[in-house]
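Engineer: Quick check, what structure comes out for this input:
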Amino acid sequence: LAEMLSSAGLGETSESFGGGAGEDQFSSFLRMEQARAMVDAGGIGLVEAFFNALKERTDVSK
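Structural biologist: A predicted model of the protein is given here:
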């Protein structure tokens, strides 16, 4: 989830309010903690979606 948040642009410094090098270095910690909070809250349903897709694939081949 942290990588997905990074790809979505979470933690990037904005042009109008930049915190410099310190903000750039600590943004990864912010993304990691937000990803952990999302997991603790039940995730985003990605595992269930993968499971259902694999289950359908298995059922079709029978």
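Engineer: contacts, neighbours, all on C-alpha from now
Structural biologist: OK.
Engineer: need the longest helix for this protein.
Structural biologist: What stands out as the longest helix in the chain, according to DSSP state H, is helix 20-40.
Engineer: model confidence over that one, on average?
Structural biologist: Here helix 20-40 scores 84 as its mean pLDDT.
Engineer: and it, how far from the chain's centre?
Structural biologist: With Cα atoms, centre = their mean, to the nearest Å as the basis, helix 20-40 stands 11 Å off its chain's centre.
Engineer: how about that helix: buried residues?
Structural biologist: Across helix 20-40, burial judged by 16 or more other Cα atoms under 10 Å covers S27, S28, R31, M32, Q34, A35.
Engineer: Following element in sequence after that helix, please.
Structural biologist: Later in the chain than helix 20-40, the nearest helix or strand by DSSP states H and E is helix 46-60.
Engineer: Check what contacts that following helix and list those residues.
Structural biologist: Residues outside helix 46-60 that contact it (Cα atoms under 8 Å, 6 or more residues apart in numbering): none.
Engineer: ok so, going back, pull out the CA atoms of the longest helix of the chain and give them to me as CSV.
Structural biologist: As requested, the backbone C-alpha atoms of helix 20-40 are provided in CSV (Å, rounded to 0.1, in the frame of the first residue of the first chain):
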residue,chain,number,x,y,z
GLY,A,20,12.9,21.3,1.8
ALA,A,21,15.1,18.2,2.1
GLY,A,22,13.6,17.3,5.5
GLU,A,23,10.1,17.0,4.2
ASP,A,24,11.4,14.9,1.2
GLN,A,25,13.2,12.5,3.6
PHE,A,26,10.3,12.0,6.0
SER,A,27,7.6,11.7,3.5
SER,A,28,8.3,8.0,3.2
PHE,A,29,7.6,7.6,6.9
LEU,A,30,4.2,9.4,6.4
ARG,A,31,3.3,7.0,3.6
MET,A,32,4.3,4.0,5.6
GLU,A,33,2.3,5.0,8.6
GLN,A,34,-0.7,5.8,6.5
ALA,A,35,-0.5,2.4,4.8
ARG,A,36,-0.3,0.7,8.2
ALA,A,37,-3.4,2.7,9.3
MET,A,38,-5.2,1.5,6.2
VAL,A,39,-4.3,-2.1,6.9
ASP,A,40,-5.4,-1.8,10.5
